[in-house]
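1. structure, please.
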Amino acid sequence: MSEQDKTINYDDLQDMVASNDAGGRNPDGLTKKTIIVVAILWSLFQLYYTSPLPFWLQEVVRTWNWDLNVVIDDTKARSIHLAFALFLAYLSFPAFASSPKHKVPYQDWLFAIVGSFLGAYYIFFYDGLVTRFGAPNLQDIIAGSIGILLLLEACRRSLGLPLVIIAGIFLLYNYFGQFLPTSWIISHRSGSLSQIINQQWITTEGVFGVALGVSTKYVFLFVLFGALLDKAGAGNYFIKTAFAYLGHFSGGPGKAAVVSSGLTGLVSGSSIANVVTTGTFTIPMMKRVGLNAEKAGAIEVASSVNGQIMPPVMGAAAFLMIEYVNMPYSELITHAFLPALISYIALVYIVHLEAQKLGLDGLERVEPANPFLMTLLRIATSILVIISLAIAVYFGLGWIKDVIPQFAFLIVSIVLIFAYIALIRRVARFPDLEMDDPNSKVVKLPYKKPTVNAGLHYLLPVVVLMWCLMIEQMSPGLSAFWGTMALSLILISQHSLLSFFRQDDNNKITLFKQGVQELVDGLETGARNMIGIGIATATAGIIVGVVSLTGFGVQLSGIIEMLSMGNILLMLILVAIFSLILGMGLPTTANYIVVSSLMALVIVEIGKQNGLIVPLIAVHLFVFYFGIMADVTPPVGLASFAAAAISGGSPIKTGVQAFYYSLRTVILPFLFIFNTDLLLIDVGWAKGFLVFTTATIGILVFTAATMNFFFTKNKWWEGIALILAAFTLFRPGFFMEYISPSSYHIEPAQMTEKISKIPAGENMMLKVAGLNPYGKQIEFYAELTIPEGNTNEERIATLGLMLLDTGEEIEINGKQSAKILIDNVEIDSPAAKAGLNWDQTILDVSLPQKSLAKEWMFIPALLLIWGIAWNQRRRIKKK
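-> As a prediction, the model looks like this:
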């Protein structure tokens, strides 16, 4: 059987996506219409809930003195969200593989109706639940028990058994943990059925917790935005544009696959759908230029899965992160941007190295190459035009908002409409893009100019989304709403407007109806794509609720600390392995919720005990990065199976190869934990550019080392030298601390005297011994920023500290030193925020001193890279 015979057709691939993302059922008649109508209603509800419309209507209601509340609070919205998800889950996902696919059994209708009723329990019994908060009655306990069982069954159908098993184990632990001996570290006393149901179904600490709230508030609109963008034709536009610019390079289809998959991450929040969307075109093309089936599939998998870490529209877990870390989405994008970008650059380089090793060519050019200077000039001109437009819009909009704020929204809307009409008029001058058949004998690269211009209007809603997020600082949900509104206008009108400007004979009314139908289809697709995410976030909320009720996180902290022996690196490796194991069965969102709720604060605490102050955002991104490996990691990586189905290769070999290609994604989280400059934390523009440049070189060099190929095949010592150079570029401070230490140690008794000599704004580190909030004796480090102050005592007081010399002596670092106690800490002071408390003993003080900048280490690293490159080029010339 040939490889071509082993591949499955496009319809089978779509069935694979549907069964994973939107359910495997395709019923006929009234049932099909019911699913479509309910899905559309869900999308409309989410648009209403996220939009400003309820608040505008409420003003109208108040004007007419009507006793009606049209604003839906967050708790009720979560309840409605879960009700829709449960109803559609039972109608869309069959119970078993052998269950009928073209009809819905009566019991599934019953489960759907009862499940949606119990999901909407808050709506029907809201007033009663508020009055008996914390003391559920028999009706609440019965409703909660049945609701949890129906939720777990819906989770099994839509996501498989792993998450159900984990949630079930936590529920069993919640109940039976109270019967364990008190000497056991995991015993607790919060396990009555009343307590469990109250936590899980009545309060917002369990099923209806933060995770479901984020799914309701943010995630739905972004998934809907992606579905509508796909219906508009943006996916094909991104693919064709990437091929037009990259297809002629060595291994060009692979490089185009990486870029198009990154762009398609704007369209699809699903790794599997991303693989199928771009892979049906890119994988056969990669095979045509010489890559084998497994490598072609692995490149597509690695690039598609990484779409979830690429701003501006990251995976669903990113929206959970902003709630857990309490950070604006615009700030999260800033921190996540550099690692994601250099990860994609490295993947393009991987394709390049594979092509170089195999001597592969790209696809045949269809237009002559422009001179380098001309290309550079065009790029520079385009960048200047974009910057100029951005500045003009920014200051122009600011002026409008200052002078006539009451008309600002109307003026901006009119400007956007004119911009859209101008773009669509230009687009009309070029032919529509059609998807080529990648299996045909001859595939020509598309021309650049007509390809780029044929979809310029697709960028407008993306610009609206980014403007609202980054400039206007709107919430992610509201930003996605305005982006979706702009996209809806494009969907409805683009066909008829293109026909009008082209002056063809097509019926404009028919084309307008086609646009309306595409909008309706997008509303349905967006809702059906959200079923699994809604169910996953609700089910993962069970685990979070158990951890909160039983205090299991504290107990787990002790277990992890014991296993890691207090070593932060070993702890990170354990968390990474834990995430990968969970990733074999859980979707990224559920994986992130489980691991972050269990591990994030543990990593921060153990870091403090080892002198490494780890920002919470770095910890959550660490967990997030390993969570995205869920669709890669064999033997359950579903994206690898989808890619193998297209390529005709082995799914396991494809998954292993994809994981190998993803090593650069695996190594980055460890690096930004120890060097937060990579997350652009407290980094200015100049330093940010330096960090970007050196980090890019570093990841390329690391890639060359792991691929065992730089300019030619590496010798063993060259591979080691390249890894050493990459490590130096990523962590220059590691070596510089040995050459020129940035701090010095003093005895605690000298702190008050020395602190006035340190410039304000510098950081000092205290090593402290005392009880943690749970009564355990520990030693940990606290970092404090030295404040302004004229005297030593004034600076200490500004920190919120009151120190006491006990007159006793204790042994510190082998010497007898005065025992200095923290006598008092002011509430909400810098010292209190750093974790300091009264009656703790200061063991050591580390103060900053003048030292060489760590960036000087870049010079020997770059020289080492240059030397290896020169040596390999010399070997090539000798051949």
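
2. surely Phe249 forms part of a helix?
-> No. Per DSSP: H, G, I helix; E, B strand; the rest coil, Phe249 lies outside any helix segment and is coil.

3. quick one: the helices in the stretch 301-450 of the chain, in order.
-> Applying DSSP state H, counting those that start in this stretch to the stretch 301-450 of the chain gives helices spanning 316-325, 329-358, 372-403, 408-427, 448-453.

4. and for the stretch 551-700 of the chain?
-> 552-564, 568-583, 588-609, 616-627, 638-647, 651-661, 663-674, 685-706.

5. hey, which of those is tucked in deepest?
-> helix 638-647 (a mean of 27; mean count of other C-beta atoms under 10 Å). Using the backbone N, CA and C atoms, a C-beta is placed for each residue, glycine as well.

6. that one: how far from the chain's middle?
-> Centroid separation for helix 638-647 versus its chain: 22 Å, with C-alpha atoms, centre = their mean, to the nearest Å.

7. ok, stretch 58-73 next?
-> Using C-alpha atoms, centre = their mean, the offset of stretch 58-73 from its chain centre is 37 Å.

8. then that stretch to CSV, C-alphas only?
-> The C-alpha coordinates for stretch 58-73 follow below in CSV (Å, rounded to 0.1, in the frame of the first residue of the first chain):
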residue,chain,number,x,y,z
GLN,A,58,-30.6,49.5,31.9
GLU,A,59,-30.4,53.2,31.5
VAL,A,60,-33.5,53.1,29.2
VAL,A,61,-35.3,50.9,31.8
ARG,A,62,-34.5,53.4,34.6
THR,A,63,-35.7,56.3,32.4
TRP,A,64,-39.1,54.5,32.0
ASN,A,65,-39.1,53.5,35.7
TRP,A,66,-39.6,49.9,34.9
ASP,A,67,-38.8,47.4,37.7
LEU,A,68,-36.6,45.2,35.4
ASN,A,69,-32.9,44.3,35.6
VAL,A,70,-31.4,43.5,32.2
VAL,A,71,-27.8,43.3,33.3
ILE,A,72,-26.8,39.7,34.0
ASP,A,73,-24.4,39.3,36.9
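
9. so this structure: which segments form each domain?
-> Here the domain parsing of the chain from automatic domain parsing is 3-212, 547-634+660-739, 743-850.

10. quick one: average pLDDT of the shortest one?
-> Per-residue pLDDT values over domain 743-850 give a mean of 85.

11. now do the same end-to-end measure for that domain.
-> 8 Å (C-alpha to C-alpha, to the nearest Å).

12. okay, the residue nearest to Gly290 when sequence neighbours are not counted: pLDDT?
-> In this structure, Gly290 finds its nearest non-sequential neighbour in Leu360, 4.3 Å apart by C-beta to C-beta, 6 or more residues apart in numbering. For Leu360, the pLDDT comes out at 79.

13. what's the local residue count around Leu360?
-> Leu360 has 20 neighbours, counted by other C-beta atoms under 10 Å.

14. go ahead and confirm it touches Pro253.
-> No. Applying C-beta atoms under 8 Å as the test, Leu360 and Pro253 come out as separate, 9.4 Å apart.

15. find the residues that touch each one of those two.
-> Shared contacts of Leu360 and Pro253 (C-beta atoms under 8 Å, 6 or more residues apart in numbering): Val289.

16. got a list of what the residue nearest to Ala317 when sequence neighbours are not counted touches?
-> Of all residues not flanking Ala317 in the chain, Tyr592 sits nearest, at 3.9 Å (C-beta to C-beta, 6+ apart). By C-beta under 8 Å, 6+ apart, the contact set of Tyr592 is 317, 320-321, 623-624, 627.

17. recalculate using a threshold of 6 Å.
-> 317, 623-624, 627 (C-beta atoms under 6 Å, 6 or more residues apart in numbering).

18. sorry, back to before: closest to Arg156 out of the helices of the stretch 551-700 of the chain?
-> Nearest of these to Arg156, taken as C-beta to C-beta: helix 588-609 at 12.9 Å.

19. find the nearest non-adjacent residue to Asp140, please.
-> Here the nearest residue to Asp140 in space, its sequence neighbours aside, is Ile202; by C-beta to C-beta, 6+ apart that works out to 5.9 Å.

20. out of the helices of the stretch 301-450 of the chain, which one sits most buried?
-> Ranked by mean neighbour count, the helices of the stretch 301-450 of the chain are led by helix 316-325 with a mean of 24 (mean count of other C-beta under 10 Å).

21. got a list of contacts for that helix?
-> Residues contacting helix 316-325 (C-beta under 6 Å, 6+ apart): 210, 214, 218-219, 329, 332, 533, 588-589, 592, 616-617, 620, 624.

22. again with stretch 539-556
-> Outside stretch 539-556, the residues touching it (C-beta under 6 Å, 6+ apart) are 155, 163, 167, 170, 174, 185-186, 188, 190, 199-200, 205-207, 209, 211-212, 590, 593-594, 597-598, 774.
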